[in-house]
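Asks: Here's a sequence, model it:
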Amino acid sequence: MKSYIEPLNAADALDVLDLYGIDTPGAFFSSEHEGCVEVELSGHTALLETPESVAMLFGHDAATALCQHSNFRRDAAEIMSRALDLDDFLYNVYSGTAFIPDKASDGEFFGFHVAHIPLSAILEDDIDPLSPDACDYGLDSISETTEDAAVGYFDPAGAVDDEKFLTSADWALCDIESSVLTAFGAGCSPELAGWTLGNAESVAETCASLGVDIATDLAPDNPARVAAAAKAATKATTHGVAAAAGNRL
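Replies: Numbers count the residues shown, from 1 in each chain. Predicted coordinates for the structure are as follows:
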């Protein structure tokens with residue numbers, strides 16, 4: 001089983017902590033136990049099997065990072081689910097980056113085109129934002145590796161059987177999360193970092209809520225304030241969840 005939202009084993013949790021820059025001294029992936037982590041501790045090696053055990057060993061910062069990761073992925077996966085259901089795409093109003101699903105009319109899923117689309121191309125009525133004249137498809141592509149994958153396989157809630165897990169969706173979510181961490185830091189939601197559906201109505205609403213100047217295609221003079229607002233908005237929730245996780249451990 002796999003999940004788009006949260007790590008299901010200790011090894012996946014260690015990957016998340018690495019992404020969030022959390023120090024995990026002495027920890028390494030186990031070569032003998034799949035999905036597990038081994039940690040050198042005072043002359044002996046401890047075997048960690050679950051995300052909870054990783055959070056317990058590495059403390060509050062680790063528990064907080066795992067909570068922030070799950071919260072971010074849940075929100076981002078919801079945007080992706082709506083994009084796939086509505087024959088839309090994911091778009092960032094700050095960078096112009098777009099993740100465009102590559103699928104057949106029968107629902108077969110091939111992955112994502114990673115492209116750049118100017119904000120004006122989405123908001124102007126007489127321009128097709130996905131046409132080669134408006135959309136730069138040269139950035140990258142993420143190919144689906146699951147055999148006979150279908151759009152309907154994507155389920156953002158809970159664990160997914162391996163044979164229905166869309167690897168390209170997971171990689172796209174990872175790319176989005178990594179870019180937000182780099183630009184805004186931990187605790188910023190996808191929405192506050194500018195991610196939305198690519199249709200004109202959703203983009204216009206997002207621009208209005210974030211203060212993006214549609215007339216000049218410019219983001220606010222200090223986009224870092226978005227990160228500060230995001231962290232303030234999520235601080236209580238994140239700390240509460242992390243504390244609850246610590247209490248359970």
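
Asks: C-alpha from now on. contacts and neighbour counts both.
Replies: Fine.

Asks: Can you show me the helices along the protein?
Replies: 10-19, 51-58, 60-85, 119-123, 167-184, 200-210, 224-248 (DSSP state H).

Asks: Quick one: the ones you listed as TSV, columns for distance to residue 38, mean pLDDT and mean neighbour count too.
Replies: Shown next, in TSV, are the helices of the chain (distance: least, C-alpha to C-alpha, whole Å; pLDDT from 0 to 100; neighbours: other C-alpha atoms under 10 Å):
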stretch	distance to residue 38	mean pLDDT	mean neighbour count
helix 10-19	9	98	21
helix 51-58	10	98	20
helix 60-85	16	98	21
helix 119-123	47	92	21
helix 167-184	24	97	18
helix 200-210	44	95	16
helix 224-248	21	51	15
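
Asks: Go ahead and confirm residue 199 touches residue 121.
Replies: No - counting by C-alpha atoms under 8 Å, residue 121 is not a contact partner of residue 199; they are 10.7 Å apart.

Asks: For residue 94, see how far away residue 75 is.
Replies: Distance of residue 75 to residue 94, given as C-alpha to C-alpha, to the nearest Å: 18 Å.

Asks: try residue 191
Replies: Residue 191 is 11 Å from residue 94, by C-alpha to C-alpha.

Asks: do the same with residue 46
Replies: Distance of residue 46 to residue 94, computed by C-alpha to C-alpha: 44 Å.

Asks: which of these two has more neighbours?
Replies: Looking at residue 46 and residue 94 with other C-alpha atoms under 10 Å, you find the greater number of neighbours at residue 94, namely 19 against 13.
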